[in-house]
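*Asks:* What follows is a predicted protein model with its sequence.
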Amino acid sequence: MNFYAKLLLLAMFALCSSALNAQTYSQPESAVYDAQRDCYYISNVGISGVWDGQIITRKSDSSLEYLVTYNFLDPKGLCIVGDTLFVADVNTLYFIDLRTRHIACSVELSTADSFLSDIEADDNGYIYVSDTYKSCIYRIKASSPTVYQRLDYLGQMASPNGLCFDKANNRMLIVTYHQNASIMAIDLETFQAIYVKPTFLDFLYGIARDKDGSYFISAWGMDSEHGAIYKFDKDFSESVVFATGFAGPSGICMDTVNNLLAIPIVGKNDVKFISLSSSIVAPSLAFPPDNSTGLGKLVTLKWTTVFGAPAYTFQLSESDSFDSIIEEINTADTAISIDAPKVASKYYWRVRANGLHSSSDWSDTWSFSTPNSVYTVPDLLLPKNGELYADKKPTFVWSKVSAGLYHFQLWENNNFKGSPAFEVKNMTDTTFVLPVNLIKLQTYYWRVMTFSGYVNSGWSELHSFKVDDFIPDVPILLSPANAELGVPPSVNFVWSKSNSDFYRIQISKLPNFSELVIDNIDIIDTTFFADLDWGTTYYWRVRAYTGSFGTW
């Protein structure tokens, strides 16, 4: 995938919200730590090509707020020199005064088709800005924004992206954004390009150094869902995989004060903080409250985030001593949903945080109890499990449960990674027509749950189907004739045979079939018998299906 295609992929991940909405991460691209104010600044790209970019402040209490009341185009690289925050935005460099939280000035470094990416400072009062599109580096005097020069490395350096100042060797390290990317450098005496090391990694994005001199490099790779962080020694002679599974890890930041690595993840609209320390604190349990009762079969348990913990271990037991473990799950999230094995039972749970070098103590132990009975799990009726389905906007049908609402989910995978492709909650009907088109011959998975408040049935079985182009013939309605009068209430409905295995009939008192008297599926014959009311007008229709559905 080329660089431009990667940028289009970024736009697919954007949160469709404007800068006027509540502060949140929306394609976070770069991060930098402000030791003087004990906070992080994160550049929010927002929707690519739209003036909705923001600089977000992440305070020590984890809250987020806008640094300045200004909409940028697509802000990316960040760097702090003294009380000034430098922001790279497409072709413009902004200077933000951190004391007043106002933009002091800005300077256009190039034309609008630039891609200013990362920013880094040296020890001599200069900052350096990479232009990935033009394969050049800008050198700017931090105290005089109009004083700058362009260092061109066309043919010597392709797509420079992340920057890191190497004081010991008086050079500016650069990682490149392309397949089989390289680690390059600029000699800050001669300003010549230096070839440091090939990596055979794809699409390197950011680079940062820890207090021990090791380097961390973010790589998107060829698959944006499986980006990774790599750790190199100080000479770049050895490397290891530090962390994986990131959807677009971008301009990483090393916080040497708190010994934390900040990883903006554009594909998940999130920023991960990973502690490099040998000790880590235990999480606090948050929900449901201790000794909760009457929960359903599916129980969602939540705990607080441990700043810098990349993962957690969850345990469930019927004993408060945990001498017998029912579930032990490792997760990167701070919530988990489990199917309680039994009704009318008490369960105990606890969580610990896992760092890179050690784990925390276990949290406090909390308990919850399941009710004496739970809702019935709905049976999935249509589409049938494993069938082909003609309609690109499928109709989903499940059995009716006497009480409760329904929660519907459609997935593109059967391991529930990421988010559902489509999800609807608080449904009262047992039929749902998908409002979007699905992709031909792609496998989809769906499930339904009955619930009311916290009481629920747990999820139904997971059924799969594919969309196909085959459409069975439309049946011809034979009897009763259209608009026929005086039909006896015991009606035998008859239609023509189609090239299908099954039929579905619907009978309604309304011509739009918004309320159904009868909705019967899996009819193998071309007749259907029903007892109806005297003196009432009815409407009826039939559709055929053999895996895929025909037209009514």
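*Replies:* Done, it's in.
*Asks:* Count the residues that sit near the closest residue in space to D391 that isn't next to it in sequence.
*Replies:* The shortest distance from D391 to any non-neighbouring residue, by Cβ to Cβ, 6 or more residues apart in numbering, is to F549 (5.3 Å). C-betas here are computed from N, CA, C, even on glycine. With neighbours defined by other Cβ atoms under 10 Å, the count for F549 comes to 24.
*Asks:* got the end-to-end distance for stretch 422-433?
*Replies:* This stretch, stretch 422-433, spans 12 Å end to end (Cα to Cα, to the nearest Å).
*Asks:* Buried residues of it, list them for me.
*Replies:* 422, 424, 430, 432 (16 or more other Cβ atoms under 10 Å).
*Asks:* Which of those sits closest to A286?
*Replies:* Taking Cβ to Cβ as the measure, A286 lies nearest V424 of those, at 26.5 Å.
*Asks:* And that closest one, how close does it get to T370?
*Replies:* V424 sits 26 Å away from T370, going by Cβ to Cβ, to the nearest Å.
*Asks:* can you tell me which residues contact P289?
*Replies:* Applying Cβ atoms under 8 Å, 6 or more residues apart in numbering to P289 gives the contacts W366.
*Asks:* same thing with S117?
*Replies:* S117 touches 76-77, 88, 129-132, 160-162, 177, 251, counting by Cβ under 8 Å, 6+ apart.
*Asks:* now the helices for the protein?
*Replies:* Ranges of helices in the chain, per DSSP state H, are 3-12.
*Asks:* give me the low-pLDDT residue ranges for it?
*Replies:* By pLDDT under 70, the low-scoring segments of the chain are 1-22, 224, 547-548.
*Asks:* rerun that using 50 as the cut-off
*Replies:* In the predicted model of the chain, residues 1-22 satisfy pLDDT under 50.
*Asks:* Tell me which residue of it is furthest from the middle?
*Replies:* Distance from the C-alpha centroid of the chain peaks at G486, with 59.3 Å (Cα atoms, centre = their mean).
*Asks:* What distance do you get for that residue to P480?
*Replies:* For G486, the distance to P480 equals 10 Å [Cβ to Cβ].
*Asks:* same question, D270
*Replies:* Following Cβ to Cβ, the distance that separates D270 from P480 is 60 Å.
*Asks:* who has more neighbours, the two?
*Replies:* The neighbour comparison of D270 against P480 (other Cβ under 10 Å) goes to P480, with 17 against 14.
*Asks:* So I439 is in contact with V467, correct?
*Replies:* Yes: here I439 lies in contact with V467, judged by Cβ atoms under 8 Å, at a distance of 6.8 Å.
*Asks:* Please identify which of these two sits among more neighbours.
*Replies:* The neighbour comparison of I439 against V467 (other Cβ under 10 Å) goes to V467, with 21 against 12.
*Asks:* and the more buried one, what does it touch?
*Replies:* Applying Cβ under 8 Å, 6+ apart, one finds that V467 lies in contact with 388-392, 394, 438-442, 444.
*Asks:* Those residues, buried ones only, as a ChimeraX selection?
*Replies:* The buried residues among the contacts of V467 can be selected in ChimeraX (16+ other Cβ under 10 Å) with this line:
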select :388,389,390,391,394,438,444
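*Asks:* Which ones among the contacts of V467 lie within strands?
*Replies:* By the criterion of DSSP state E, membership of the contacts of V467 in strands covers 388-389, 444.
*Asks:* Now render those residues as CSV, adding distance to D123.
*Replies:* CSV is the format used below for the ones in strands among the contacts of V467 (distance: Cβ to Cβ, whole Å):
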residue, distance to D123
L388, 66
Y389, 65
Y444, 56
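*Asks:* of these, closest to L261?
*Replies:* Y444 (37.0 Å).
*Asks:* Run through the bridge partners of that closest one.
*Replies:* F465 (DSSP bridges).
*Asks:* Isn't it up against L438?
*Replies:* Yes: the pair Y444 / L438 is scored as a contact, 6.3 Å apart, by Cβ under 8 Å.
*Asks:* residues contacting S43?
*Replies:* 28-31, 53-56, 72, 75-78, 87, 251, 264.
*Asks:* hmm, 7 Å instead?
*Replies:* 28-30, 55, 75-76, 78, 87 (Cβ atoms under 7 Å, 6 or more residues apart in numbering).
*Asks:* Who does it form a beta bridge with?
*Replies:* S30, I55.
*Asks:* and N482, how far is that from G77?
*Replies:* Taking Cβ to Cβ, one finds N482 at 70 Å from G77.
*Asks:* Between these two, tell me which one has more neighbours.
*Replies:* Per other Cβ under 10 Å, whichever of N482 and G77 has more neighbours is G77, with 28 against 7.
*Asks:* Pull the contacting residues for that one.
*Replies:* Contacts of G77 by Cβ under 7 Å, 6+ apart are 30, 88, 116-119, 129, 251.
*Asks:* With adjacent residues omitted, what lies nearest to L116?
*Replies:* Using Cβ to Cβ, 6+ apart, the closest residue to L116 is A88 (3.8 Å).
*Asks:* thinking the one you found is in contact with K76, fair?
*Replies:* Yes: counting by Cβ atoms under 7 Å, A88 does reach K76; the two are 5.2 Å apart.
*Asks:* Now for those two: what residues contact both?
*Replies:* Joint contacts of A88 and K76 (Cβ under 7 Å, 6+ apart) are 116-117.
*Asks:* of the two, who's got more company?
*Replies:* A88 (31 against 27).
*Asks:* Name all residues that make contact with N520.
*Replies:* Residues near N520 by Cβ under 7 Å, 6+ apart: 504-505, 528.
*Asks:* show me what contacts the residue with the shortest distance to the centre of the chain?
*Replies:* The chain has K268 as the residue nearest its centroid, 4.0 Å off, counting by Cα atoms, centre = their mean. Residues in contact with K268 (Cβ under 7 Å, 6+ apart) are A247.
*Asks:* Give the closest residue to P435 in space, chain neighbours not counted.
*Replies:* K393 (6.7 Å).
*Asks:* Now for the one you found, how many residues are close by?
*Replies:* 11.
*Asks:* Correct me if wrong: it contacts V433.
*Replies:* Yes: shown here, K393 and V433 form a contact pair, counting by Cβ under 7 Å, at 6.3 Å.
*Asks:* gap between G453 and L295?
*Replies:* From G453 to L295 the distance is 9 Å (Cβ to Cβ).
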